[in-house]
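In: Any chance you can model this:
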Amino acid sequence: MSLSLKLPPIALLLLLIQTNCENLKPNILFILADDLGWNDIGFHGSQQIKTPTLDKLSKEGVILNNYYVLPVCSPSRASLMTGRYPITYGLQFYVIQGAQPAGIPLNYKLLPEFLNGLGYESHMVGKWHLGFFHRNYTPTYRGFSSFLGYYGMQEHYYSHRSQDGHMDLDGPWYGLGLHMNEGTKLRAEHSEFGEFSSRLYTRRAREVINSHDFASKPLFLYFALPIVHVASSLDPMPAPEDTEKLFKHIWHPLRRKLVANAFELDTAVRRVLESLRMRGVLDNTIVVFSSDNGGQVNGSWASNFPFRGSKEDYFEGGVRVPAFVWGNVFKNRSGQVSNELMSITDWLPTLYEAAGGNVTSLGNIDGHSMFDLLKQANQTNPRTEVLINIDPVGKTKAIKVGKYKYILNPCNIWDSSCDRWSMAPGNLPYTNETMLPNTTESQIWCGDIPTNVDHKCHSKRTGLHECIYDIDNDPCEYYNLVDDPAYQDVKDTLLERIAYWESKQVEPLMPPPDERANPKFHGYVWEPWRDSPEIPPN
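Out: Residues are numbered from 1 along each chain as shown. Predicted coordinates:
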């Protein structure tokens, strides 16, 4: 006997409405690029970069022009997954190295777990970089049903091998990083040697979409591509030959390869969107695009123009990145450039509310739901400040309150590009990329660099490397206001907010590298190696 004959008409109607509402929950595609600089995308005005798919999506969606991340991979990705600043759980210092027994502590619930509680099925493709010393820290033990990708900070785009930051007297610790995990089954993936990473991951993303049962539950797909991160020290930026030929007019080989990889990123997004469209679910999908941190100026020849600094720095070039959101739910703001302050920690509550969740159930997190603000302009922004980071090891502090930004010790000590405003190499030898003002609505242009710039971010009053910038009026951080008598009240406020967050921080998780992680002990594979999930002491 059918269900309809067992229920009175009103009960059946309510059941159908409830079922229909469940099915209308939006699918979520979160695209995270790796080390993509502010000017490494078309919609910010680059004349070299060709990203037609991303440019079109950004123009149809809402471009986020006042959006902040952290200056390196692991802290940013942890902020995305937890909705919390990494100072609150110990990941505020640099990145997790391959042999470090560290990760997001297991008592923290992650974004896919929250969405799964609302009826979603979550899958991940690409770079994890949030710990793998014990299987409980790997993606399929933290909310994802499947994972194709690598656990560490980098992989070679063709061999899928990685040194991941370690070496001993026998040389670098090289091993396979690629894994295909489903549920509790963890498997190193040896068969994909020679296939270019972004194409491999795109193929997997399309498989997930094509096999998903959209009628029964919505999909959360975390698409974390490795490009344009340096692939290895010996071959820093491999690119498919056919794609690189499209940009043969760019003289510098590494810049040419990075531009080719940005095009591969765009192609990957286009193909994933095609799969969603073919399944008939694109119109009910939210697409988020972000980079995890600023572009690496030295080594990969990224461009953060016109911003100052690079990946690993606390100037805008390291922590302000290209981002947008797209979807029918945001159609009232379609084509707009948002200058509302936003943090990468905001995605968890924003997407949770978009999925029908009550954000008050998320507990005491640092992120704010921007869902209403992204749907309709002129709403009150719940965010008035962004703690960029406090790193007690590097003795760095950075915060933005309103339009003012405070930084103490902004530069990574190894970064010679920190005090520079670097342009990408141009088409002709030893030239810079030609940049034209006002080419896109979201482009930022600061004019010529003044001759009286404080390159070292130095205070004559305190002797410290500290600086204050009015970012709204000086986004390129030309004019250090830290010693200006007119801004001492501003400085006091910024330092008060830093002190507040310092009272919330915990000790950084910095356990020493574990020799047992060496891939030579595991068939030359990077894989979980410890029996206990407990993070050892520093």
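
In: Find the residue at the geometric middle of the protein.
Out: Closest to where the C-alpha atoms of the chain average out (C-alpha atoms, centre = their mean) is residue 292, at 2.4 Å.

In: Neighbours of the residue nearest to that one when sequence neighbours are not counted, how many?
Out: Excluding the flanking residues, the one nearest residue 292 by C-beta to C-beta, 6 or more residues apart in numbering is residue 76, at 4.4 Å. The C-beta positions use only the backbone N, C-alpha and C, and glycine is treated the same way. When neighbours are defined as other C-beta atoms under 10 Å, residue 76 has 27 of them.

In: Give me the pLDDT for residue 76.
Out: Here, the pLDDT recorded for residue 76 equals 98.

In: what about the helices in the stretch 101-250 of the chain?
Out: Secondary structure of the stretch 101-250 of the chain (DSSP state H, counting those that start in this stretch): helices located at 111-116, 197-211, 241-244.

In: any low-confidence regions in the stretch 101-250 of the chain?
Out: 169 (pLDDT under 70).

In: Which elements pack onto the longest helix seen in the chain?
Out: When the chain is parsed with DSSP state H, its longest helix is helix 253-278. Counting contacts by 3 or more C-beta pairs under 8 Å, 6 or more residues apart in numbering; DSSP states H and E, helix 253-278 is packed against strand 27-33, helix 52-60, helix 197-211, strand 219-224, helix 241-244, strand 285-291.

In: before we move on, the earlier item: wait, the residue nearest to the centre of the chain touches residue 37, no?
Out: No - with contact defined as C-beta atoms under 8 Å, residue 292 does not reach residue 37; the gap is 11.6 Å.

In: okay, and the common contacts of those two?
Out: Common neighbours of residue 292 and residue 37, using C-beta atoms under 8 Å, 6 or more residues apart in numbering, are residue 321.

In: Contact partners for the residue nearest to residue 292?
Out: The contact partners of residue 76, by C-beta under 8 Å, 6+ apart, come to 69-70, 292-293, 344.

In: repeat for residue 206
Out: For residue 206, the contacting residues are 271-272, 275, by C-beta under 8 Å, 6+ apart.

In: now those residues as a markdown table including distance to residue 420, pLDDT and neighbour count?
Out: Compiled in a markdown table, the contacts of residue 206 are given as follows (distance: C-beta to C-beta, whole Å; pLDDT from 0 to 100; neighbours: other C-beta atoms under 10 Å):
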| residue | distance to residue 420 | pLDDT | neighbour count |
| --- | --- | --- | --- |
| 271 | 36 | 98 | 16 |
| 272 | 36 | 98 | 24 |
| 275 | 41 | 98 | 18 |
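
In: rewinding a little: distance to residue 321 added to the helices and strands packed on helix 253-278, as TSV?
Out: Listed next are the helices and strands packed on helix 253-278 as TSV, based on distance: least, C-beta to C-beta, whole Å:
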stretch	distance to residue 321
strand 27-33	8
helix 52-60	13
helix 197-211	19
strand 219-224	14
helix 241-244	23
strand 285-291	4
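
In: So for residue 126, which of these sits nearest?
Out: Across the helices and strands packed on helix 253-278, residue 126 has its closest neighbour in strand 219-224 (3.5 Å, C-beta to C-beta).

In: Pairing partners for the closest one, with directions?
Out: Within its sheet, and counting by DSSP bridges, strand 219-224 is paired with strand 27-33 (parallel), strand 121-127 (parallel).

In: buried stuff in the last one?
Out: The one in question is strand 121-127. 121-127 (16 or more other C-beta atoms under 10 Å).

In: From the chain's centroid, how far away is it?
Out: Chain-centre distance of strand 121-127: 14 Å, with C-alpha atoms, centre = their mean, to the nearest Å.

In: separation between residue 107 and residue 514?
Out: Counting by C-beta to C-beta, to the nearest Å, the separation of residue 107 from residue 514 is 22 Å.

In: Who has more neighbours out of these two?
Out: More crowded of residue 107 and residue 514, by other C-beta under 10 Å: residue 514, with 15 against 6.

In: what are the ranges of the strands in the stretch 251-400 of the chain?
Out: 285-291, 323-326, 336-338, 342-343, 385-391, 396-401 (DSSP state E, counting those that start in this stretch).

In: deepest of these, which one?
Out: Most buried of the strands of the stretch 251-400 of the chain, by mean neighbour count (mean count of other C-beta atoms under 10 Å): strand 323-326, with a mean of 27.

In: which helices and strands does that one pack with?
Out: Partner elements for strand 323-326 (3+ C-beta pairs under 8 Å, 6+ apart): helix 52-60, strand 62-64, strand 285-291.

In: between the ones you listed, which gets nearest to residue 316?
Out: strand 285-291 (13.1 Å).

In: and the closest one, how far out from the chain's middle?
Out: 10 Å.

In: what's it in contact with?
Out: 26-37, 54, 57-58, 61, 67, 69, 80, 269, 273, 276, 321-327, 329-330, 344, 347, 351, 354.

In: got the angle for it vs helix 253-278?
Out: The directions of strand 285-291 and helix 253-278 differ by 170 degrees, with axes from the mean of the first three to the mean of the last three C-alpha atoms, to 10 degrees as the criterion.

In: Dump strand 285-291 to CSV, restricted to CA.
Out: Taking C-alpha atoms only, strand 285-291 is exported to CSV below (Å, rounded to 0.1, in the frame of the first residue of the first chain):
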residue,chain,number,x,y,z
THR,A,285,24.6,25.6,-6.2
ILE,A,286,26.7,28.1,-4.2
VAL,A,287,30.2,28.6,-5.5
VAL,A,288,32.9,30.1,-3.3
PHE,A,289,36.3,31.0,-4.7
SER,A,290,39.3,32.0,-2.5
SER,A,291,43.1,31.7,-2.4
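
In: in the chain, which helix or strand is least confident?
Out: Between all helices and strands in the chain, the lowest mean by mean pLDDT, DSSP states H and E belongs to helix 3-6, at a mean of 41.

In: What ranges in the stretch 351-500 of the chain fall below the confidence cut-off?
Out: Using pLDDT under 70, the stretch 351-500 of the chain drops low at 412-419.

In: Now do the helices in it.
Out: Taking DSSP H, counting those that start in this stretch to define them, one finds helices in the stretch 351-500 of the chain at 371-375, 488-502.

In: what would those look like in TSV with distance to residue 97 and mean neighbour count?
Out: Shown next, in TSV, are those (distance: least, C-beta to C-beta, whole Å; neighbours: other C-beta atoms under 10 Å):
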stretch	distance to residue 97	mean neighbour count
helix 371-375	36	20
helix 488-502	26	15
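
In: so which of the ones you listed gets nearest residue 207?
Out: With C-beta to C-beta as the measure, helix 371-375 is the member of those nearest residue 207 (30.0 Å).

In: Which strands and helices lie in contact with the closest one?
Out: Using 3+ C-beta pairs under 8 Å, 6+ apart, helix 371-375 sits against helix 347-354.

In: Pick out the most distant pair among the contacts of residue 76.
Out: Farthest pair in the contacts of residue 76, by C-beta to C-beta: 293 and 344, 9.5 Å.

In: any shared contact partners between those two?
Out: Common neighbours of residue 293 and residue 344, using C-beta under 8 Å, 6+ apart, are 69-70, 76.

In: Look up how far residue 131 lies from the residue nearest to residue 164 when sequence neighbours are not counted.
Out: Spatial nearest neighbour of residue 164, chain neighbours left out: residue 98 (3.1 Å); criterion: C-beta to C-beta, 6+ apart. According to C-beta to C-beta, residue 98 and residue 131 sit 10 Å apart.
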